[in-house]
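# Sequence first, predicted coordinates after that:
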Amino acid sequence: MAEFVMKDMIQKRGLTDQFHIASAATSMEEIGNPVHPGTRRKLAEHGIRTDGKRAVQLRRTDYEKYDYLIAMEQYNIRRMQSIVGKDPDNKICCLLDFSEHPRDIADPWYSGNFDVTYDDIVEGCEAMLQKITDLSK
């Protein structure tokens, strides 16, 4: 969900050529599967499409490829660290660490509440984008 929310925000601000945004799983359970139907429905309510996306797993080489490796919650942080190894550049963090109210984002796979997850992701993406654009000034 966060990948597509952030891509939508970037596109609406005309910044698409300045970012490369992708998502990857920390487990192998969903590898190759399309975006969860509940996530697709929630994003579609906001005019956001997920066509063609299939789950891939995070790789050790992603650490060098990206400026940020963003998790939704602490469990994902630990899984990311076990995959990529050390984090000398402090690239790994939770999305809502950028917000005024850092916290984990509940996985709607377990909670069933795609509305709360969407709202938290929007909050985190807005805060992260603000920080990135402030840094580039």
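Cool, the structure landed. Numbers count the residues shown, from 1 in each chain.
# make it CA atoms for all contacts and neighbour counts henceforth
Fine.
# now the strands: where do they sit in this protein?
69-71, 92-94 (DSSP state E).
# model confidence over the last one, on average?
Confidence for strand 92-94, expressed as mean pLDDT, is 97.
# again, but for the first one
Per-residue confidence for strand 69-71 averages out to 97 on the pLDDT scale.
# so where's the protein shaky on pLDDT?
Scanning the chain with the threshold set as pLDDT under 70 gives 137.
# do that again at 80, thanks
135-137 (pLDDT under 80).
# Could you identify the longest helix within it?
In terms of residue count, the longest helix belonging to the chain (DSSP state H) is helix 114-135.
# Can you dump the C-alpha atoms of that helix in PDB for me?
Extracted as PDB, the C-alpha positions of helix 114-135 are listed here (Å, rounded to 0.1, in the frame of the first residue of the first chain):
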ATOM      1  CA  PHE A 114      -7.600  -1.200   5.700                       C
ATOM      2  CA  ASP A 115      -8.900   2.200   6.500                       C
ATOM      3  CA  VAL A 116      -6.700   2.800   9.600                       C
ATOM      4  CA  THR A 117      -3.700   1.300   7.700                       C
ATOM      5  CA  TYR A 118      -4.300   3.700   4.700                       C
ATOM      6  CA  ASP A 119      -4.600   6.700   7.000                       C
ATOM      7  CA  ASP A 120      -1.400   5.800   8.800                       C
ATOM      8  CA  ILE A 121       0.400   5.300   5.600                       C
ATOM      9  CA  VAL A 122      -0.700   8.600   4.200                       C
ATOM     10  CA  GLU A 123       0.500  10.300   7.400                       C
ATOM     11  CA  GLY A 124       3.900   8.600   7.100                       C
ATOM     12  CA  CYS A 125       4.300   9.300   3.400                       C
ATOM     13  CA  GLU A 126       3.400  12.900   3.800                       C
ATOM     14  CA  ALA A 127       5.900  13.300   6.700                       C
ATOM     15  CA  MET A 128       8.600  11.500   4.900                       C
ATOM     16  CA  LEU A 129       8.100  13.400   1.700                       C
ATOM     17  CA  GLN A 130       8.200  16.700   3.600                       C
ATOM     18  CA  LYS A 131      11.500  15.700   5.300                       C
ATOM     19  CA  ILE A 132      13.000  14.700   1.900                       C
ATOM     20  CA  THR A 133      12.000  17.800   0.200                       C
ATOM     21  CA  ASP A 134      13.200  19.900   3.100                       C
ATOM     22  CA  LEU A 135      16.600  18.200   2.900                       C
END
